[in-house]
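Q: Please work out how this folds:
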Amino acid sequence: MTTNNPRPRVVVPGMLPGDDPLLRLQAEAEPDTSRIRVTTHVDPIAISGITVMCLQCGARRDWMVICDVPGRVFLRCRCAHQWHEPELTRADFDLMIGDPGQKYPSLDAVARDTGHDGTMAGTYLPDALDAGTWG
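A: Numbers count the residues shown, from 1 in each chain. Below is the predicted model:
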């Protein structure tokens with residue numbers, strides 16, 4: 001049986017320049033919650049009134065805070081020293097995290113892009129300095 005106005009059986013969404021269907025499918029299939037969540041925290045962190053300090057370089061601020069699935073929280077300094085901080089909980093992490101931000105393929109990529117991989121050890125920007133404010 002033939003019709004005068006055949007309709008396509010599959011409707012393909014319009015593609016934008018540079019749109020890769022495989023990458024789009026991967027993004028749509030990716031779960032909203034990853035196994036490891038990461039944020040940066042520029043202010044000092046105090047636990048029971050005691051300011052956290054890196055045992056390797058003595059830093060007291062500018063942390064990368066990592067939370068894994070069991071709810072363990074790790075702190076990482078700019079010198080790349082990382083440790084489990086048992087006094088911090090997932091609830092503490094949730095209070096520190098803001099917008100979800102950019103997704104990274106690995107923890108190493110986050111450390112590299114935020115300067116917590118050791119390349120910026122000992123380098124601390126003034127508290128009032130926001131990224132992108134330099135003219």
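Q: which residues in the protein form strands?
A: Remark: strands assigned in the chain by DSSP state E are 36-41, 46-47, 50-51, 63-68, 73-76, 82-84.
Q: export those strands to CSV and tack on mean pLDDT and distance to A109?
A: Quick note: C-beta positions are derived from backbone N, CA and C, even for glycine. Output for the strands of the chain, formatted as CSV (pLDDT from 0 to 100; distance: least, CB to CB, whole Å):
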stretch, mean pLDDT, distance to A109
strand 36-41, 88, 10
strand 46-47, 94, 28
strand 50-51, 95, 29
strand 63-68, 91, 12
strand 73-76, 95, 13
strand 82-84, 95, 15
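Q: Worst mean pLDDT across the helices and strands of the chain, which element?
A: Lowest by mean pLDDT, DSSP states H and E among the helices and strands of the chain is helix 21-29, with a mean of 66.
Q: quick one: contacts for I97?
A: For I97, the contact set (CB atoms under 8 Å, 6 or more residues apart in numbering) comprises R37, T39, V65.
Q: Let's see that with 10 Å instead.
A: Counting by CB atoms under 10 Å, 6 or more residues apart in numbering, I97 makes contact with R37, V38, T39, T40, H41, V65, C67.
Q: L75 is in contact with the second one, correct?
A: No: using CB atoms under 10 Å, V38 is not in contact with L75, being 11.2 Å away.
Q: The two - which one has more neighbours?
A: Legend: neighbour count by other CB atoms under 10 Å for V38 and L75, higher for V38 (23 against 19).
Q: Quick check: the gap between the more buried one and C77.
A: To C77, V38 is 14 Å away according to CB to CB, to the nearest Å.
Q: Also I47?
A: Computed as CB to CB, the I47 to C77 distance reads 15 Å.
Q: Between these two, which has more neighbouring residues?
A: Comparing I47 with C77 by neighbour count (other CB under 10 Å), the higher total belongs to C77, at 25 against 12.
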